[in-house]
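Undergrad: the sequence and its predicted three-dimensional model are supplied below.
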Amino acid sequence: MKKSRFSESQIISILNKQELKVRDICREHRISDSIFYNWKARYGGLSVSELARIKELKAENARLKSNYADLSLVHHALKDAVEKS
């Protein structure tokens with residue numbers, strides 16, 4: 001997927017400019033209407049702090065999944081060792 005030239009916090013600030021018409025916002029930031037509506041579907045209603053919290057939660061979730069996989073592997077290895085005894 002192509003990397004956006006805008007950061008997620010910049011996208012949220014662009015979406016929060018509700019006093020302007022969509023076409024004016026798109027023209028000002030040189031984006032298409034479809035990109036604006038895709039961003040609105042993805043980031044609409046979020047604040048920058050909420051977005052940061054979501055990123056933290058995703059990172060923590062990935063770390064916990066990795067820890068679970070490691071512990072599960074150890075558990076199965078110990079279980080196999082006990083069964084062989």
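TA: Arrived safely, thanks for sending.

Undergrad: how far does stretch 55-66 sit from the chain's center?
TA: What separates the centre of stretch 55-66 from the centre of its chain is 11 Å, taken as C-alpha atoms, centre = their mean, to the nearest Å.

Undergrad: same check on stretch 10-18?
TA: Centre-to-centre, stretch 10-18 and its host chain are 17 Å apart (C-alpha atoms, centre = their mean).

Undergrad: buried residues in it, which are they?
TA: The neighbour-count check on stretch 10-18 (16 or more other C-beta atoms under 10 Å) flags 11-12, 14-15 as buried. Every residue, glycine included, has its C-beta placed from N, CA and C.

Undergrad: the residues you listed: which two are farthest apart?
TA: The span of the buried residues of stretch 10-18, defined through C-beta to C-beta, is set by 12 and 14 at 7.3 Å.

Undergrad: which neighbouring elements make contact with whichever strand or helix holds residue 23?
TA: Secondary structure assignment for residue 23, by DSSP states H and E: helix 22-29. Applying 3 or more C-beta pairs under 8 Å, 6 or more residues apart in numbering; DSSP states H and E, we find helix 22-29 packed against helix 33-43.

Undergrad: what's in contact with the helix it packs on?
TA: 8, 11-12, 14-15, 22-23, 25-26, 51 (C-beta atoms under 8 Å, 6 or more residues apart in numbering).

Undergrad: next, format those as a markdown table and append pLDDT.
TA: Below are these laid out as a markdown table (pLDDT from 0 to 100):
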| residue | pLDDT |
| --- | --- |
| 8 | 85 |
| 11 | 85 |
| 12 | 84 |
| 14 | 84 |
| 15 | 81 |
| 22 | 85 |
| 23 | 87 |
| 25 | 87 |
| 26 | 89 |
| 51 | 89 |
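
Undergrad: pLDDT weak spots in this structure?
TA: By pLDDT under 70, the low-scoring segments of the chain are 1-2, 18-19.

Undergrad: try it again at 90.
TA: Along the chain, the parts satisfying pLDDT under 90 run over 1-29, 31, 33, 35-36, 39-40, 42-48, 51, 83-85.
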